[in-house]
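Asker: okay, structure incoming, though there's no sequence with it:
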C-alpha cells in the first residue's frame, strides 16, 4: 500500500480519536452532573467547577508551547534525528516545569484573595474552596508536565495512545467523584483523588515515551537552539492559550464574583452542554489544516475556493445539526435531565449560550485555512480582542440580566472572531503565485 493510499485512513483515524478525546469530558460531566448535583449540592459542585477551572486556566498559561513541540519533534522524527527529539522533549519539559511552577505558586499566593471575594458563601464552603484550590496548584503542575508526553505521542502520530490516556484518566476521575459524593464526602476529597489518578497517569506516560523512543534521559534540560525554536513558533499559540483561559475559565470566575456560586453552576452547565457545538466541529475538521498547508503552492485559486466551499458547507451542517436541538429545546433538555427547577433557572441561558457557540463553530473553517496560510498572528490577535470584549460585556450585562446576560457576553466573542473571514476572502482573491509566496514568507517568519 502506498503512502498516498494510506493517508486518508490516517486522517480519518486521527480525526476520530480527536473527536473521541474531545467529547469524552463533556459526556462524562453531563452524565454525572445530576448525581453530583444531588449529592454534593449546588454550592459544593460549583466549588469543584471553580477549582477545576483554576487548574485548566493555569495549564493554558503554562503549557502554551505544545503546538511548537509537535512541529519540531515531528521534524526531527522525519529526519531520523533521535538526539533532536530527545533535546526538544527535555527542553519542553524544562519550560513547562518552570512556567507551571511559577503559575502554581502565583495561584497558591492568590488563593486567599480568590476565596475572600466570593459572595454569598458560608465559612465552611470558603474553607473547602481554599483547600481544593491548594490541591489544584499541585495538580496544575502535574498536568503541565503530563502535556509534554501527550504532545510527544501526537508528534509521532500516535493520537490513539494520547487519547486513550486522556479518556481513561477522565473516566477514573469522574467515576471517583461519583463514588466520593455517594459516600458523603466533598470537593476536597475529589481533588485529592484527582491528583492521585493524574500522578499515576503521568508516571505511565513517562514510561511509555521513554521505552517507545529509547530515550537516554527524560530529565529536563535547557538547550539554546531548542528554546529558540519553541519560543519562535510557540508565542502565538501561547497567546491562543491566553484566549482559551479568558473564554473558557476566567468567565466562570467573573460570573461567580458578580452573581455568586449558584450562578456558576447554572452558567457552567450551560457552557458544558453548548461547547460541543464548536468542539466537535473543530475536532472533525482539524485535518483541513495539514491538507491545505501541504497543497498551498499547488492548488489553483479555483481549487482552493472549492475546497473552502466544501469544508464550510460541512462546517455549517455540523454546527446546524448540533446547535438546533439545544437552541430550540433547551428547556425540555434541562427539565428531562436536571429537573424543572434547574430548567426554569437556566433554559434561557442555555439557548443564548448555544447561539454563541454556533457562531464560534462557524469560525472553524476560516481558522484552519488561515493557519495553513500562515496567518496565526491575525487569528491570535482577533481572538484576543474578542475574548477581552466578551469579558467586558459579561461585566456589564451580568449584573443587569443575570446569567442570561453573562451568556449574551459570549455572543460578542462569536461575532468578533467571525471577522477573520474578511481577510480570508481577500486572500482567496489573490493570484495563485501570491498564495504560494505568502505561505513561504509566513514560514520564514
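Answerer: Cool, got the structure. Not measured: the values here are computed from a predicted model.

Asker: the one helix or strand residue 381 maps to - contacts with which helices or strands?
Answerer: Here residue 381 sits within helix 376-417, counting by DSSP states H and E. Helices and strands touching helix 376-417, by 3 or more C-beta pairs under 8 Å, 6 or more residues apart in numbering; DSSP states H and E, are helix 224-245, helix 251-259, helix 261-274, helix 340-361, helix 364-372. In short, each C-beta sits where N, CA and C put it, glycine included.

Asker: what's the third one in contact with?
Answerer: Residues outside helix 261-274 that contact it (C-beta atoms under 8 Å, 6 or more residues apart in numbering) are 26, 29-30, 33, 37, 42-43, 45-47, 49-50, 118, 120-121, 125, 251-252, 255-256, 259, 323, 326, 333, 338, 342, 345-346, 349-350, 353-354, 356-357, 402-403, 406-407.

Asker: skip ahead from it and say which helix or strand is next.
Answerer: As assigned by DSSP H and E, the chain's next helix or strand after helix 261-274 is helix 276-284.

Asker: sorry, back to before: what's the ChimeraX syntax to select whichever of the contacts of helix 261-274 are buried?
Answerer: Command for ChimeraX that selects the buried part of those, burial taken from 16 or more other C-beta atoms under 10 Å:
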select :26,29,33,37,42,43,45,46,47,49,50,118,121,125,251,252,255,256,259,323,326,333,338,342,345,346,349,350,353,354,356,357,402,403,406,407
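
Asker: can you pull out the low-pLDDT segments for the stretch 301-445 of the chain?
Answerer: For the stretch 301-445 of the chain, the stretches flagged by pLDDT under 70 are 374, 430-445.

Asker: quick one, helices of the stretch 51-200 of the chain?
Answerer: Assigned by DSSP state H, counting those that start in this stretch, the helices in the stretch 51-200 of the chain fall at 66-78, 82-116, 123-155, 159-182, 187-213.

Asker: need those in a markdown table with distance to residue 420 and mean pLDDT, can you?
Answerer: Output for the helices of the stretch 51-200 of the chain, formatted as a markdown table (distance: least, C-beta to C-beta, whole Å; pLDDT from 0 to 100):
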| stretch | distance to residue 420 | mean pLDDT |
| --- | --- | --- |
| helix 66-78 | 18 | 72 |
| helix 82-116 | 28 | 83 |
| helix 123-155 | 25 | 83 |
| helix 159-182 | 27 | 88 |
| helix 187-213 | 35 | 89 |
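
Asker: map the structural domains onto the sequence of this protein.
Answerer: Listed by automatic domain parsing, the domain ranges of the chain are 17-234, 275-445.

Asker: same for the host helix or strand of residue 422, what does it pack against?
Answerer: Element membership of residue 422 [criterion: DSSP H and E] is helix 421-427. If contacts are counted by 3+ C-beta pairs under 8 Å, 6+ apart, helix 421-427 sits against helix 364-372.

Asker: now do the helix it packs on: distance to the chain's middle.
Answerer: In terms of C-alpha atoms, centre = their mean, to the nearest Å, the centre of helix 364-372 is set 17 Å apart from its chain centre.

Asker: okay, angle between that helix and helix 224-245 too, please.
Answerer: Relative orientation of helix 364-372 and helix 224-245, computed by axes from the mean of the first three to the mean of the last three C-alpha atoms, to 10 degrees: 160 degrees.

Asker: picking that back up, make TSV out of the domains of the chain and add distance to residue 265.
Answerer: As requested, the domains of the chain are exported to TSV (distance: least, C-beta to C-beta, whole Å):
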stretch	distance to residue 265
domain 17-234	5
domain 275-445	9
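
Asker: list the buried ones in stretch 212-232?
Answerer: Neighbour-count burial for stretch 212-232 flags 213, 215, 218, 220, 223, 226, 229-230 (criterion: 16+ other C-beta under 10 Å).

Asker: that should have said stretch 311-326, apologies.
Answerer: Result for stretch 311-326 [16+ other C-beta under 10 Å]: buried residues 311-312, 314-316, 318-319, 322-323, 326.
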